[in-house]
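Enquirer: Sequence below, structure please.
(one chain, ligands or ions: 2)
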Amino acid sequence: MQTWASVDVPRLAGSGPALRLYDTATGRIRPTAPGPEATMYVCGITPYDATHLGHAATYLAFDLVNRVWRDLGHEVFYVQNVTDIDDPLLERAERDHDDWVVLGMRETALFREDMEALRVIPPRHYVGAVEAMGEISELVGKLLASGAGYRVDDPEFPDVYFDSSVTGRFGYESNYDEQTMIELSRERGGDPDRPGKRHPLDPLLWRMAREGEPSWESDLGAGRAGWHVECAAIALNRLGSQIDLNGGGSDLIFPHHECGAAHAEAFTGEHPFARHYTHAGLIGLDGEKMSKSRGNLVFVSKLRAQGVDPNAVRAALLAGHYRTDRQWTPELLAQAEARLARWRQAVALDAGPAADDLVARLRTHLADDLDTPSALAAVDGWASEALERRGTDPAAPALVRDAVDALLGIAL
Ligand code: 5CA
Ligand code: ZN
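Expert: Ligands and ions are numbered 1, 2, ... in the order given. So this is what the prediction gives:
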């Protein structure tokens, strides 16, 4: 699929400390230690109701990872998918008497536009499930042949499932107990109650064609791919195994990333599939998680249409820590707008207080599990000093502008 337009990232002199991030699998903040090339797979949208501020917050968090790695001199190999065929998309299309293909295309186009406006660095490969159906079915075929997959005991629809016991590690990524896993699976697209499976937690790999549902020809029989194997195949085929980071919002901890990791590890025999499983907290509105099913959504495109500066949306979402579940409020946006106005006033001065120390602090805060609240406060400090006491360094305003752009993605 076509990705979105790239964004210029200023190069800063010097370098900072290695990036440390929380890893869900080990429950610890650990250094990321990519080689010259850093590999990152972040789960993309299911294209309906895009792009709400919860989506935006999650992609902004991983955009910071991208920016910090680049600043450290790594080449970042970033891949993202689009789940452009799945049950929720079909359900929405049916509800709205829409064509699921058109719905997916429209929402993906809107998402691209929003990402561009938010100055998110695009992935190198942006891959739709539909265009990847051949490679996904191939992976399912190999899992089936190796014994990691099996046909469910159902003569009418012998769908292919994954035997979650084959790696001997199922549960290592989420660290949830079995009861929790079963409940979350039921809530999030799984089918723990389907008869004929070896284990309730075994996820679907290939759904045989049903009347009235889209399907694709394959050696497995006409059908379509399960959700987790979609991401496993797209990631493995482009980034290989043992990637540096697998990311998404915290609602993907289970079953999605647990199952994706198990698929990849069963296929390659290598553990772990990702060195870091990193998850962003969920954004809510009026005390509830912002989600399609609840319908309490605030859209990036609506804000843009109202004339809101996307840089202010970015600043508002980065004002909280990426791992904290937090609420979107109009005040949050107003505060971000005031903050940006002040920063812009300060960088418009002919001279300012020396900014080398600010750049070092920005790097240190971001390297510390993306501590954006402290990073933004550091810029506030410099801006106050510049506006209240002035400064004599003529290069400082431009340096701050570049650092805020390169590291936070905010254009002043
Ligand atoms: N297509 C799948 C991933 S393969 C999917 O989860 N799509 S999604 O459109 O539902 O979500 C896209 C990304 O936004 C996911 O990483 C998800 O965890 C994240 N997300 C969804 N709702 C929120 C929210 N309220 N706050 C923060 N992130 C969210
Ligand atoms: Zn995914």
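Enquirer: Secondary structure class of Ser6, three-state.
Expert: Following DSSP: H, G, I helix; E, B strand; the rest coil, we place Ser6 in the coil state.
Enquirer: need the contact list for it.
Expert: The contact partners of Ser6, by Cβ atoms under 8 Å, 6 or more residues apart in numbering, come to Ile121, Pro122. Placement of C-beta: from N, CA and C, glycine included.
Enquirer: pLDDT score for it?
Expert: What the model reports for Ser6 is a pLDDT of 97.
Enquirer: same check, this time on Leu285
Expert: 85.
Enquirer: try the one 3 residues further on
Expert: Reading off the per-residue confidence, Glu288 sits at a pLDDT of 77.
Enquirer: cool, and Arg294?
Expert: Reading off the model, Arg294 has pLDDT 75.
Enquirer: Check whether it really touches Glu288, as I assumed.
Expert: Yes - if you go by Cβ atoms under 8 Å, Arg294 and Glu288 touch, sitting 5.8 Å apart.
Enquirer: Enumerate the residues of the stretch 51-200 of the chain near ligand 1.
Expert: Gly54, His55, Ala57, Thr58, Asn81, Thr83 (Cβ under 6 Å from any ligand atom).
Enquirer: ok, the last one - contacts?
Expert: Translated: Thr83. Going by Cβ under 8 Å, 6+ apart, Thr83 touches Gly44, Ile45, Thr46, Pro47, Leu89, Ala129, Trp227, Glu230.
Enquirer: same thing with the fifth one?
Expert: Asn81 makes contact with Cys43, Gly44, Tyr126, Val127, Gly128, Ala129, Ala132, Glu230, Cys231, Ile234, according to Cβ under 8 Å, 6+ apart.
Enquirer: Among those, name the ones in helices.
Expert: Judged by DSSP state H, the subset of these located in helices is Glu230, Cys231, Ile234.
Enquirer: correct me, but the last one touches Val82?
Expert: No - between Ile234 and Val82 there is no contact under Cβ under 8 Å: 9.7 Å.
Enquirer: Touching both of these two, which residues are there?
Expert: Listed as contacting both Ile234 and Val82 by Cβ under 8 Å, 6+ apart are Val127, Ala129.
Enquirer: before we move on, the earlier item: for ligand 1, tell me which of the ones in helices among the contacts of Asn81 show up nearby.
Expert: Cys231.
Enquirer: can you tell if the helix or strand bottoming out on mean pLDDT in the chain touches ligand 1?
Expert: Least confident helix or strand of the chain, by mean pLDDT, DSSP states H and E, is strand 288-289 with a mean of 75. Yes - using Cβ under 6 Å from any ligand atom, strand 288-289 reaches ligand 1 at Lys289.
Enquirer: How about the longest strand along the chain, which residues are buried there?
Expert: Counting by DSSP state E, the longest strand found in the chain is strand 75-82. Neighbour-count burial for strand 75-82 flags Val76, Phe77, Tyr78, Val79, Gln80, Asn81, Val82 (criterion: 16 or more other Cβ atoms under 10 Å).
Enquirer: Skip the chain neighbours and tell me the closest residue to the residue of the stretch 1-150 of the chain found nearest ligand 2.
Expert: Of all residues in the stretch 1-150 of the chain, Cys43 sits closest to ligand 2, at 3.1 Å by Cβ to the ion. Leaving aside its chain neighbours, Cys43 sits nearest to Gly248 (4.0 Å; criterion: Cβ to Cβ, 6 or more residues apart in numbering).
Enquirer: C-terminal to the host helix or strand of that neighbour, what's the next element?
Expert: According to DSSP states H and E, Gly248 maps onto strand 245-249. The first helix or strand that comes after strand 245-249 along the chain, using DSSP H and E, is helix 258-268.
Enquirer: average pLDDT across the next helix or strand after that following helix?
Expert: Where DSSP H and E defines the elements, the next helix or strand beyond helix 258-268 is strand 277-280. Strand 277-280 comes out with an average pLDDT of 98.
Enquirer: picking that back up, quick one: buried ones out of the contacts of Thr83?
Expert: Looks like those have Gly44, Ile45, Thr46, Pro47, Leu89, Ala129, Trp227, Glu230 buried, using 16+ other Cβ under 10 Å.
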